[in-house]
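In: pasting the sequence and the predicted model now:
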Amino acid sequence: MDSKAVEALFTRSDGSYLCARWGRPIVPVVFGVEDATLSVVKGAIEAVVALAGHRMAETDPELGANLMVFFFRDWAELPQVPNLDRLVPDLAPLCDRLAAAGANQYRAFRFDEAGAIRAVFVFIRMDDVLSEMPAETLALSQAAQVILLWSDTAFAETSPLARAGEAVVLRPEIGAVIRAAYDPVMPVVAREASHALRLAARIG
């Protein structure tokens, strides 16, 4: 990928550039799935974290778990989850807006004082489209989209995944961007487009 293609992945719809990575080990917890699907989701997260060269842990000292993934059938279910509105402010009106828009997924990021990712809340409404998607594909797509703060338009037209024979895998260029962003010499957060030049140099 050239620097312009990399820059587009982190240039938001308002024109600002923002790339952030996790500043702490990732501790996932998954709600609303059976044990078989749980292992698939956690396996996908582990694979993407390993690709990044980042770390996972058993517990987060501040939140217990810092990557929370919720599977459900209707947006109206989320405000009923005890204490979730403490973690996601204005949860009820948010769910109303997402329901009105017909959305089937939403990711809410939280950041620490340095601007690094400290927590992500992933909401997945299992509509007809997502229900037909293999669990492995859905899990890998979500794992890729929470390992970095991508642009809100980064994957609007093109999935981060690709088919390799019978398997669905992370697109090689997206994997390369993730590895480059987690290079120890790179900043945990960047707000200048020159950051894309540094990423592209590490990819190319």
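Out: Noted; the coordinates are in hand.
In: can you pull the contacts of the most centrally placed residue in the chain?
Out: Within the chain, the residue whose C-alpha comes closest to the C-alpha centroid is residue 146; the distance, by CA atoms, centre = their mean, is 1.6 Å. Taking CB atoms under 8 Å, 6 or more residues apart in numbering, we find residue 146 in contact with 45, 67, 107, 120, 122. For glycine as for every other residue, the C-beta is placed from the backbone atoms N, C-alpha and C.
In: from residue 109, how far off is it?
Out: 8 Å (CB to CB, to the nearest Å).
In: list residues touching both of these two?
Out: Among the neighbours of residue 146, those also in contact with residue 109 (CB under 8 Å, 6+ apart) are residue 120.
In: which of the contacts of residue 146 sits closest to residue 157?
Out: residue 107 (17.7 Å; CB to CB).
In: any idea what the closest residue to the closest one other than its chain neighbours is bridged to?
Out: Sequence neighbours aside, residue 122 is the residue nearest to residue 107 in space, at 5.3 Å (criterion: CB to CB, 6 or more residues apart in numbering). Note on residue 122: beta-bridge partners by DSSP bridges are residue 69, residue 107.
In: do residue 163 as well
Out: Partner residues in beta bridges with residue 163, using DSSP bridges, are residue 168.
In: ok, it - how many residues close by?
Out: Here the neighbour count serves as a burial measure; for residue 163 (other CB atoms under 10 Å) it reads 10.
In: residue 73 now?
Out: As a burial measure, residue 73 scores 11 neighbours (other CB under 10 Å).
In: now residue 175
Out: Residues within reach of residue 175, counting by other CB under 10 Å, total 17.
In: surely it and residue 52 touch.
Out: No: counting by CB atoms under 8 Å, no contact exists between residue 175 and residue 52, whose distance comes to 9.0 Å.
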